[in-house]
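Colleague: With the sequence up front, the predicted model follows.
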Amino acid sequence: MTTNAKIDGALSSIVSNIWALSCPLEQSPDEYIIYNPEIESPELYADDEDCEWIDYMQIHYFVRNAGETKKAVNYIEKKEQIKKAIKKAGFSLEDITIYYEKETGYTHVVFLANILQETH
């Protein structure tokens, strides 16, 4: 199974809109996930050959704040659900960073995760 398929499978029951690289819609939904590769790096060498590789991924969760009052949304429950699902799918989490994008009204949570590539 590819790294992308693992992310889709792990998170599709938590957030219905999930895409690799960018949101394809003209108008972004109120809640969605975008993921992208950060680094692909060899992890293990044998006989001067790379034998295992690790995919380092960025997983971005976006949720729009509610209504015209710009009331902050409670993203913490979803953050915890995403964190647990990523770990259950076999990823190691390195970092979670939270931003508020004033110009768009989105809370933006970035998960930095990695996983060993499956050999084919």
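Modeller: Ah, there it is.
Colleague: contacts, neighbours, all on C-alpha from now
Modeller: Will do.
Colleague: for the chain, what spans make up the helices?
Modeller: 3-11, 76-88 (DSSP state H).
Colleague: for those, which one sits closest to Phe62?
Modeller: Closest approach to Phe62 among these (Cα to Cα): helix 76-88, 10.3 Å.
Colleague: Could I get the average pLDDT for the closest one?
Modeller: Per-residue pLDDT over helix 76-88 has a mean of 95.
Colleague: Flag every buried residue along that helix.
Modeller: Neighbour counts using 16 or more other Cα atoms under 10 Å place Lys79, Ile82, Lys83, Ala85, Ile86 of helix 76-88 among the buried residues.
Colleague: Spatially nearest residue to the fourth one (excluding sequence neighbours)?
Modeller: By that I understand Ala85. Ala10 (5.5 Å; Cα to Cα, 6 or more residues apart in numbering).
Colleague: Next, count neighbours for the one you found.
Modeller: Neighbourhood size, Ala10 [other Cα atoms under 10 Å]: 19.
Colleague: swap in Tyr32?
Modeller: Neighbourhood size, Tyr32 [other Cα under 10 Å]: 19.
Colleague: Same check on Glu103?
Modeller: 6.
Colleague: next one: Glu31
Modeller: 17.
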